[in-house]
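Visitor: Please work out how this folds:
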Amino acid sequence: MKILSIVGARPQFIKAALISKKLREIGVNEILVHTGQHYDFNMSDVFFKELNLPKPDYYLGIGSGTHGEQTGKMLMEIEKVLLKENPDIVLVYGDTNTTLAGALASAKLHIPVAHIEAGLRSFNKQMPEEINRILTDHISDFLFCPSKVALENLKKEGITKGVYLVGDVMLDIALEVSKMVDTNEVLNRYNLPYKGFVLVTIHRAENTDNKENLISIWSALKKLALEGIKIFFPVHPRTYKAMQKYQLLEETIPTNLILSKPVSYKEMIALEKAAKVIVTDSGGVQKESVYFQTPCVIPRNETEWVELVELGYAFLVGTNEALIIQKVEELFNKGVNVDISKNPYGNGKASDRIVEILLAEKITL
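Guide: Residues are numbered from 1 along each chain as shown. Next comes the predicted model:
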């Protein structure tokens, strides 16, 4: 059995790590394709090393560009690989341009597509990720859902064949990595107090490409820092470029607002465990906040991971400066009192379940 896995962005490296490991351990011939959507070292290479992902069999080096340009280049290059390798199944992850290009190229060649993290919906088609995930789900043959909500979303769209509720693969890897990381060492490296700082990640286009939104978030962070709350902000390359464009880095930055280059996955896990509050527009970080019982403020108007909000551990505040400040202050000073003993994303065995299902399909391929 030959499986071709397509990745290209930081969250996909994380999601693919355990599945790739398990496939190879049982002798499946896995071909790993890296589109190069994330090409910064800390966003790409370091993740392969940390998570023990094998070196990609193909590196396409697509890089940045407009959505049409990037997706078009990926389609062309992925198709070449598919024609050469002729895999039995193609695995795609999440909701990036890499996801859509991989699924579309495969479907056009009548190669079965397996979508890991299927069924997510923000119901906001202004988001490129929403378009990517909807289209990918509708052309996939195997749809692996991380939660019951994702399963129900697919049912409402008439997708019931080949759908499996397996749990979240990011929970699997987060739990495994959390056992290996030295949290105190990471905190000492960045001079951060345990449960005494706010961790921030911002990267979505709706925030970085919208001047008003980014300025509002940035202003809230500065005011919180001036109030004495220590904030640690690893800055995504896209966010850094936007901050330069809007001249935000030319302003005086409070000493309590610490900017950093992107951190590694292991470092991020340690920081999520040790933070008092997380402010993020990242879906993956939202989920990890619940895994490690760190309350989360989401500067967006909606989230694909509605279970987090329903649990009362994550809070949608939009990009209103006052609301961001108010909720961060509240959580930093009072915390939350929520029972999260029943994790909506499974038991940390999603990767095992996915591999079992794919192997069972070998009989019919």
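Visitor: Just the CA atoms from stretch 65-77 would do, formatted as CSV, please.
Guide: What follows is stretch 65-77, C-alpha atoms only, in CSV (Å, rounded to 0.1, in the frame of the first residue of the first chain):
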residue,chain,number,x,y,z
GLY,A,65,2.1,34.6,-3.2
THR,A,66,-1.6,35.4,-3.7
HIS,A,67,-4.0,32.6,-3.0
GLY,A,68,-4.6,32.0,-6.7
GLU,A,69,-0.9,32.0,-7.5
GLN,A,70,0.1,29.8,-4.6
THR,A,71,-2.7,27.3,-5.1
GLY,A,72,-2.1,27.2,-8.9
LYS,A,73,1.6,26.5,-8.5
MET,A,74,0.8,23.8,-6.0
LEU,A,75,-1.7,22.1,-8.3
MET,A,76,0.8,22.0,-11.1
GLU,A,77,3.6,20.5,-9.0
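Visitor: What lies in contact with that stretch?
Guide: Here stretch 65-77 makes contact (CB atoms under 8 Å, 6 or more residues apart in numbering) with 8, 35, 37, 60, 62-64, 97-98, 100-102, 104-105, 128. Using the backbone N, CA and C atoms, a C-beta is placed for each residue, glycine as well.
Visitor: measure E25 to L359 for me?
Guide: 12 Å (CB to CB, to the nearest Å).
Visitor: which of the two has more neighbours?
Guide: Neighbours were counted for E25 and for L359 using other CB atoms under 10 Å; L359 has more, 15 against 9.
Visitor: Any figure for the gap between that one and G27?
Guide: In terms of CB to CB, L359 sits 10 Å off from G27.
Visitor: next one: M170
Guide: Counting by CB to CB - M170 and G27 are separated by 26 Å.
Visitor: D95 now?
Guide: D95 is 30 Å from G27, by CB to CB.
Visitor: quick one: which of the two has more around it?
Guide: D95 (29 against 8).
Visitor: all helices for the stretch 51-200 of the chain, in order.
Guide: 67-85, 97-108, 128-139, 148-156, 169-178, 183-190 (DSSP state H, counting those that start in this stretch).
Visitor: Show the contacting residues for K148.
Guide: 165, 344.
Visitor: got a pLDDT number for it?
Guide: pLDDT for K148: 95.
Visitor: What separation do you get for it and I31?
Guide: K148 is 33 Å from I31, by CB to CB.
Visitor: Where does the prediction get shaky in the stretch 1-150 of the chain?
Guide: 38-47 (pLDDT under 70).
Visitor: Any figure for the gap between V149 and K155?
Guide: Applying CB to CB to V149 and K155 gives a distance of 11 Å.
Visitor: more neighbours, those two?
Guide: V149 (17 against 11).
Visitor: helices or strands next to the host helix or strand of E288 in the packing?
Guide: Here E288 sits within helix 283-291, counting by DSSP states H and E. Contacts defined by 3 or more CB pairs under 8 Å, 6 or more residues apart in numbering; DSSP states H and E place helix 283-291 against helix 10-25, helix 169-178, helix 265-274, strand 277-280, strand 296-298, helix 306-311, strand 314-316.
Visitor: how's this protein carved up into domains?
Guide: Taking automatic domain parsing as the reference, the chain has its domains at 2-168+346-364, 179-334.
Visitor: from the contacts of stretch 65-77, which is closest to Q247?
Guide: Closest approach between those and Q247, by CB to CB: S64, at 21.4 Å.
Visitor: neighbours around the closest one, how many?
Guide: Using other CB under 10 Å: S64 sits among 13 other residues.
Visitor: what's the nearest residue to it if we skip its chain neighbours?
Guide: In space, and not counting its chain neighbours, S64 is closest to Q70: 6.9 Å by CB to CB, 6 or more residues apart in numbering.
Visitor: what about the one you found, how many neighbours?
Guide: 21.
Visitor: and it, how far is that from H115?
Guide: Distance from Q70 to H115, by CB to CB: 19 Å.
Visitor: How about N97?
Guide: 15 Å.
Visitor: cool, E356 as well?
Guide: As judged by CB to CB, E356 and H115 stand 17 Å apart.
Visitor: Tell me which of the two has more neighbours.
Guide: Regarding E356 and H115, a neighbour count based on other CB under 10 Å identifies H115 as having more, with 27 against 14.
Visitor: what's across from that one in the sheet?
Guide: Taking DSSP bridges as the rule, H115 bridges to V92, L143.
Visitor: next one: V7
Guide: Assigned bridge partners for V7, using DSSP bridges, are H34.
Visitor: Just give the number of residues close to it.
Guide: 32.
Visitor: which residues sit in contact with it?
Guide: 13, 16, 32-35, 56, 93, 98.
Visitor: helices or strands up against the helix or strand harbouring W218?
Guide: Assigned by DSSP H and E, W218 falls within helix 211-226. Helix 211-226 makes packing contacts with helix 205-208, strand 230-234, helix 237-245, strand 257-260, helix 321-334 when contacts are defined by 3+ CB pairs under 8 Å, 6+ apart.
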